[in-house]
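# pasting the structure only:
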């Protein structure tokens with residue numbers, strides 16, 4: 001027989017274990033729903049983070065609480081958790097059955113309901129409890145659908161439908177689960193610090209890097225112009241034939257030349273040079289005038305013995321002499 005529950009009601013459970021199934025109808029814009037379970041101690045808080053069983057930690061270390069995969073059924077979608085109540089140790093005083101949605105509030109989830117089955121019953125047996133979960137405001141993103149608590153030597157179920165606008169993180173924090181990076185931690189251990197690879201540079205992004213100046217091109221000369229002045233450690237190339245050489249230092253001053261006293265050109269009587277007068281040093285006194293040489297005395301013509309008026313042939317060679 002199935003007990004239809006209303007909010008705030010409770011009923012005893014004569015079972016050794018429960019299978020809690022969430023049902024809802026998917027639709028356009030409707031968020032996905034996830035079931036979870038928390039095992040609480042007498043103080044109303046989890047003993048360790050491992051007491052929180054959900055989609056990221058689907059199995060309790062003891063194996064007594066489990067999160068099962070989602071299923072599609074004719075009525076819509078289901079998500080399921082199971083707890084073996086009879087095998088729980090005395091440190092667990094209460095079992096909270098929760099639901100959370102990702103992508104929107106519960107007002108957009110249609111036909112949300114919770115049903116409890118006896119894990120030891122037949123596979124297609126009727127549920128023990130059914131509860132139509134209706135949130136108070138519709139803005140909730142996490143709900144406590146109900147709780148199974150100890151009553152004497154047995155267990156009872158109470159229908160709640162209490163919500164949290166802070167989602168699964170807010171619900172887990174409420175019961176003492178340590179939360180890290182927006183998700184509940186299931187082991188209670190802080191994640192190890194990431195190790196930076198040795199090859200990864202440590203310079204922050206966006207830091208301007210120094211620019212390496214490009215090498216200056218070697219100096220070249222234009223046609224008809226001299227080369228540029230070379231650097232101290234640079235040996236310039238030799239220019240082509242006919243171009244001036246580069247000057248690395250100013251030319252040395254020419255040596256001092258002592259000027260000779262001016263020479264005046266004057267004619268010198270008696271010693272004419274061939275066509276030009278000889279120079280006379282300035283300031284030198286002129287010597288006495290030298291008379292020109294006398295002409296040799298004239299020689300009277302000889303008178304020939306043959307009476308030809310004194311004409312005589314010049315001396316001739318023997319080949320021209322008359323034969324004697």
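Structure received. Predicted, not measured: the structure shown is a model, and the values here were computed from it.
# where in the stretch 101-250 of the chain is pLDDT low?
For the stretch 101-250 of the chain, applying pLDDT under 70 flags the ranges 181-250.
# all helices of it, in order?
167-174 (DSSP state H, counting those that start in this stretch).
# Would you state the strands of it in chain order?
Under the criterion DSSP state E, counting those that start in this stretch, strands of the stretch 101-250 of the chain are mapped to 110-118, 129-132, 142-151, 154-164, 179-180, 183-184.
# Out of those, which gets nearest to residue 72?
Proximity to residue 72 (C-beta to C-beta) singles out strand 110-118 among the strands of the stretch 101-250 of the chain, at 14.3 Å. (Each C-beta comes from the backbone N, C-alpha and C, glycine too.)
# who wins for proximity to residue 28 among the strands of the stretch 101-250 of the chain?
Of these, nearest to residue 28 by C-beta to C-beta is strand 110-118, at 11.0 Å.
# Which positions within the closest one qualify as buried?
112, 113, 114, 115, 116, 117, 118 (16 or more other C-beta atoms under 10 Å).
# now do stretch 135-153
In stretch 135-153, counting by 16+ other C-beta under 10 Å, buried: 135, 140, 141, 142, 143, 144, 145, 146, 147, 148, 149, 150.
# State the pair within those residues that is farthest apart.
141 and 150, at 29.4 Å, using C-beta to C-beta across the buried residues of stretch 135-153.
# still on that earlier bit, which of the buried residues of stretch 135-153 lies closest to residue 88?
residue 150 (9.2 Å).
# was I right about the closest one contacting residue 89?
No - judged on C-beta atoms under 8 Å, residue 150 makes no contact with residue 89 at a distance of 11.7 Å.
# who's in contact with residue 20?
35, 37, 80, 81, 82, 83, 97, 114, 115, 116, 145 (C-beta atoms under 8 Å, 6 or more residues apart in numbering).
# Dump the residues you listed into a markdown table; add distance to residue 43 as well.
Shown next, in a markdown table, are those (distance: C-beta to C-beta, whole Å):
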| residue | distance to residue 43 |
| --- | --- |
| 35 | 24 |
| 37 | 18 |
| 80 | 28 |
| 81 | 22 |
| 82 | 25 |
| 83 | 19 |
| 97 | 19 |
| 114 | 25 |
| 115 | 30 |
| 116 | 25 |
| 145 | 22 |
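# ok, of these, which one's closest to residue 45?
Closest to residue 45, out of all of those and judged by C-beta to C-beta, is residue 37, at 14.7 Å.
# Which neighbouring elements make contact with whichever strand or helix holds that closest one?
Residue 37 is located in strand 32-40, with elements delineated by DSSP states H and E. Secondary-structure packing of strand 32-40 (3 or more C-beta pairs under 8 Å, 6 or more residues apart in numbering; DSSP states H and E): strand 18-25, strand 52-53, strand 65-73, strand 76-83, strand 94-102, helix 167-174.
# Show me which residues of that strand are buried.
Result for strand 32-40 [16+ other C-beta under 10 Å]: buried residues 33, 34, 35, 36, 37, 38, 39, 40.
# Next one: the fifth one from residue 97, what distance?
Meaning residue 37. Computed as C-beta to C-beta, to the nearest Å, the residue 37 to residue 97 distance reads 6 Å.
# got it, and the second one?
Residue 34 sits 12 Å away from residue 97 when distances are taken as C-beta to C-beta.
# go on, the last one?
Using C-beta to C-beta, one gets 12 Å for the distance from residue 40 to residue 97.
# Then the first one?
Residue 33 sits 13 Å away from residue 97, going by C-beta to C-beta.
# who's residue 11 bridged to?
Beta-bridge pairing for residue 11 (DSSP bridges): residue 157.
# Report the separation between the closest residue to residue 47 other than its chain neighbours and residue 55.
Excluding its sequence neighbours, the residue lying closest to residue 47 (C-beta to C-beta, 6 or more residues apart in numbering) is residue 41, at 5.2 Å. According to C-beta to C-beta, residue 41 and residue 55 sit 23 Å apart.
# Contacts only, for residue 75.
Going by C-beta under 8 Å, 6+ apart, the list of residues near residue 75 reads 23, 25, 111.
# Now do the phi/psi pair for it.
phi -80, psi -10 (degrees, to the nearest 10).
# quick one: pLDDT of it?
pLDDT for residue 75: 87.
# cool, the one 10 residues further on as well?
The score at residue 85 is 97. That number is its pLDDT.
# Having no further points to raise, I will conclude here.
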